[in-house]
Structures are given as structure tokens and as C-alpha cells.
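Engineer: Here is a sequence together with a model predicted from it:
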Amino acid sequence: MPSGPTEVQVRPGLESDLVALTDLYNHYVRETPLTFDTAAFTPLERRPWLLSHPQDGPHRLMVATDGETQQILGYATSGPYRPKPAYSTSVEVTVYVAPHAGRRGVGTLLYEALFAALSKEDVHRAYAGIAQPNEASTRLHERFGFRYVGTYREVGRKFGRYWDVAWYEKELK
């Protein structure tokens, strides 16, 4: 008996995902202020980013796929918060969902998997910077226990205007 929408599966990112992940991210680069990158990437340019997220350790890449077609619906990452050694137990997290996959719970599934993986790592805090306005991302982060800590006003310029970034933090251990 059919059960409605296709099941979403979440797994670690693979090198074979590179083209699809690059295409997804480039949508946000070209069409939105939600990332402050301003030029689209080639898969070759994006490869070091993918390789910086191994399948273990505190810097992860989780990918959501359509269970039937295996099409990538979104991804979530944890990465270094800042490069200095004292920051090693802090991560910056982010989530991107394909425009056609919104409102299916993809972001929730990605963060559930990411935070489950991080629970086994020596990570104390997670930080998220959310370009404003972005109500959907703010709601997602608050649902996962992030709390607002402040806003950098007009910190990025894209599409001919300045954008604020609200910062959120979550205790992990």
C-alpha cells in the first residue's frame, strides 16, 4: 500500500556526491543572500571543501537523498568554527535544502543525523550564523536548542545591499 511521499534517507556525504552538492550550493550562491559567496563554484573548486568533511571526527557532511531516486535533497555540515587550536571543540554548522525539497522535514532529518554523529566527538559547542531574514532557518535552529547570542549588523554585502547575520549557539556537552 503506498504510504505517500518517498522516504528521505540520510547518510554521510561521498565524493560521488560532489557535482550534485556543488549544484545545490550554487543555487544559494546565485539566487539568495543566505551564503555570502558571490561566485558559483565548479566541482573541482568545491572538492577541497568536500574532502574536509571525513566520515568520522568533528567535521562532518551529512546528505539527505530521496529514497526512491537517490536525488540529493539537502546537506548539513559541521566545520571548524575558527582556525586557532583553542577553538577545536567548537564547530560551525549549516544546512542547505534543495528548493524543491522544502517543507518535507529534510533539514530536521539532517540535523538529527549530524548531532547524533557529533555526540560521539569531543565537541563542546555548535555555532550557526544565519543571514537575515531567514525565518525557516531560525525556527529550525531554535527547535534544535540553539539560542540567539547576537547579530552582526550589515556584515556582508551581496546583490547591492548589506545583510545582517544573527548568531546562535548550542551546547553539545
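Structural biologist: In hand now; what should we look at? Residues are numbered from 1 along each chain as shown.

Engineer: Can you show me the helices along the chain?
Structural biologist: With helices called from DSSP state H, the chain shows them at 18-31, 43-51, 106-118, 135-143.

Engineer: Which of these sits closest to Arg11?
Structural biologist: Taking Cβ to Cβ as the measure, the helices of the chain were each checked against Arg11, and helix 106-118 came out nearest at 8.1 Å. Bear in mind the C-beta positions are built from the backbone N, C-alpha and C, glycine included.

Engineer: Contacts for that closest one, please.
Structural biologist: 8, 10, 58, 60, 62, 64, 73-78, 91, 93, 95, 97-98, 126, 136-137, 140, 143-144, 172 (Cβ atoms under 8 Å, 6 or more residues apart in numbering).

Engineer: Only whichever of those residues are buried, select them in ChimeraX.
Structural biologist: Here is the ChimeraX command that selects only those of these that count as buried (16 or more other Cβ atoms under 10 Å):
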select :8,10,58,60,62,64,73,74,75,76,77,78,91,93,95,97,98,126,137,140,144,172
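
Engineer: quick one: low-confidence ranges for this protein?
Structural biologist: Within the chain, the ranges that satisfy pLDDT under 70 run 1-6.

Engineer: Just send the helices of the chain back as a markdown table, with distance to Pro85 too.
Structural biologist: Shown next, in a markdown table, are the helices of the chain (distance: least, Cβ to Cβ, whole Å):
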| stretch | distance to Pro85 |
| --- | --- |
| helix 18-31 | 28 |
| helix 43-51 | 21 |
| helix 106-118 | 19 |
| helix 135-143 | 27 |
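
Engineer: Buried deepest among those helices, which one?
Structural biologist: A comparison of these by mean neighbour count, using mean count of other Cβ atoms under 10 Å, puts helix 106-118 on top with a mean of 20.

Engineer: angle of it against helix 135-143?
Structural biologist: For helix 106-118 and helix 135-143, the angle between their directions (axes from the mean of the first three to the mean of the last three Cα atoms, to 10 degrees) works out to 40 degrees.
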